[in-house]
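Enquirer: Need a 3D model of the sequence below.
(2 chains)
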Amino acid sequence: MRLRVSIHPVTGFISVVWVLTSLYMGYVLSAFVLSLILTILLVMSKGVKEVVNLLKLYAWLVIPPFIILTIMYTPLEALDMSIRLLTIALVFTNVLQLITPLELTYTLMRLRIPTTASLAIPMVIRLSEYMGYIVNETLIALRGRGLRRRKLLMSLPIPLVVHTIKSSTQLAEALTQKTFRNVNLVLGKPKVGLTDTLIYLYIVLMTLKYLLII
Amino acid sequence: MAFKYVEVVSLAKIELIDVWYKDILKGINLRVNDGIVALVGPNGAGKTTILKVMVKALKPDRGSVVAPEKVGSSWQNPYYSFTKPTVLEEFLEYLGSVEEVEEFLGSYGLKHLLNRYTFKLSVGQARLVSILLAVVWGPEALVIDEPTNGLSLRERYAVSRLLRSIKIPVVIASHDLDFILMTSDYVYVVNDGHIVCEGNTLDVFYSDVLQHIGFPEPEVVRIGKELGLRLRSVDEVKS
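Expert: Residues are numbered from 1 along each chain as shown, chains lettered A, B, ... in the order given. Alright, predicted model coming up:
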């Protein structure tokens, strides 16, 4: 069973900043725990299978550096670096997946970012799956004009970036036109819920702990 | 029989032998020797999948594929083929000098596009440039998916003329019957993953196969029938 779990965009922002600061200060385990909490929320929201697939992908990010660093330094240092990498990857992914696009749009608009851009940014994030398909189509198209290996990979980002900007802007324009007079009508005003409170509680407690240690 | 790419030299430039792919292609057999071959069929019939198998972008579950190493292709979204800001720069990569690019584009009547921004070209212009980019690197065959999507009548004629002037075998997938009638030499009719009919374009168009799979009769053919006339291909006229 999947639950409708989401977090407030501000909570997401604070979580990312807090995790990065904690990692910088050397509190790796606390940062890792928060990223795990967010992962559990994501499992509740998206289901186990989808998150496991994501973790499989991250294994490729973590295992090779772990092996190399174990050879170069010590297993403990390798573990520390791998956890840092995994924490950063998890916190960004989880936050982006747990914030609903319309709530993110609302928050961006409150920050005085133009409506079109506010709508386009969340869409770019959410269209990542579709982008996979587009990447494949672009690769086929570039191979069709004779590009191979290094040249192919070097050229790939150009049509992709152009396509992303074009599509997102077109979608955002269409939505703006549809709700020209009152964009707020279709946007959900974000509310601070139980999940947000739990995350805040964890961050505050751990920050207090750091301060007391210092 | 498991899938394999056939290494032996075949007389056909492209050949698909009993190709199966998921539940999309169900035992496709086709040969492309020369000229322009069209795959005709309704949406979702498997035309694009056949083209992707030809360019080895998809690996079939079963069957054999004979295809040259260098196959040029142009797909539904022509803008995916562009990597440089202007048309000139796109072709300069292959042709070396501005004069040569001018001559090349001029030979296809597209010299006026030389300094245009690639991503700001109209769909029709982008389609023409994308086809030329698929040709300019010297492939042994060319594959084009839905060449007339979003084109004006004038641009459709331009694409047709361009394809007729290319000297390598061309495979096009389309459901634009009028375009196929004026462009292709040979037609494969695809429906639900099967090839239901093949033959000379005029023979297929004068049969009722296309009507059986839901296409209307092309206007030119209908008028010809009403007048008791039959169109003749260039080859027929010559012979």
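Enquirer: who's in contact with B:N29?
Expert: B:16-19, B:195 (Cβ atoms under 8 Å, 6 or more residues apart in numbering or on different chains). In this view, the C-beta of every residue, glycine as well, is placed from N, C-alpha and C.
Enquirer: now with 7 Å?
Expert: B:16-18, B:195 (Cβ atoms under 7 Å, 6 or more residues apart in numbering or on different chains).
Enquirer: Filter those residues down to the buried ones, PyMOL style.
Expert: Buried subset of the contacts of B:N29, written as a PyMOL selection, criterion 16 or more other Cβ atoms under 10 Å in any protein chain shown:
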select buried, chain B and resi 16+17+195
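Enquirer: and of the contacts of B:N29, the nearest to chain A?
Expert: Nearest to chain A among these, counting by Cβ to the nearest Cβ, is B:L16 at 17.5 Å.
Enquirer: which residue is nearest the centroid of chain B?
Expert: For chain B, the residue sitting closest to the mean C-alpha position, by Cα atoms, centre = their mean, is B:I172 at 1.8 Å.
Enquirer: what packs against the helix or strand hosting that residue?
Expert: Using DSSP states H and E, the element containing B:I172 is strand B:170-174. Under the contact definition 3 or more Cβ pairs under 7 Å, 6 or more residues apart in numbering or on different chains; DSSP states H and E, strand B:170-174 sits against strand B:36-40, helix B:47-54, strand B:141-145.
Enquirer: want to try CSV for these, with mean neighbour count as columns?
Expert: As requested, the helices and strands packed on strand B:170-174 are arranged in CSV below (neighbours: other Cβ atoms under 10 Å in any protein chain shown):
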stretch, mean neighbour count
strand B:36-40, 26
helix B:47-54, 24
strand B:141-145, 24
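Enquirer: hang on, the earlier thing: next one: the next helix or strand after the strand holding B:I172 to chain centre, how far?
Expert: Following strand B:170-174 in sequence order, the next helix or strand is helix B:177-183 (DSSP H and E). In this view, helix B:177-183 has its centroid 11 Å away from the chain centroid, taken as Cα atoms, centre = their mean, to the nearest Å.
Enquirer: now, the most widely separated pair of the contacts of B:N29?
Expert: B:I17 and B:I195 (12.1 Å; Cβ to Cβ).
Enquirer: so who does the residue lying closest to B:G199 once chain neighbours are set aside touch?
Expert: Nearest non-adjacent residue to B:G199, counting by Cβ to Cβ, 6 or more residues apart in numbering or on different chains: B:V187, 6.5 Å away. Residues in contact with B:V187 (Cβ under 7 Å, 6+ apart) are B:38, B:40, B:180, B:198-199, B:201, B:204.
Enquirer: and of those residues, the nearest to chain A?
Expert: B:A38 (18.1 Å).
Enquirer: could you measure that closest one against B:G46, distance?
Expert: 14 Å (Cβ to Cβ, to the nearest Å).
Enquirer: Pipe the helices and strands packed on strand B:170-174 into a markdown table and attach distance to A:V19 and mean pLDDT per row.
Expert: A markdown table is the format used below for the helices and strands packed on strand B:170-174 (distance: least, Cβ to Cβ, whole Å; pLDDT from 0 to 100):
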| stretch | distance to A:V19 | mean pLDDT |
| --- | --- | --- |
| strand B:36-40 | 53 | 95 |
| helix B:47-54 | 42 | 94 |
| strand B:141-145 | 45 | 94 |
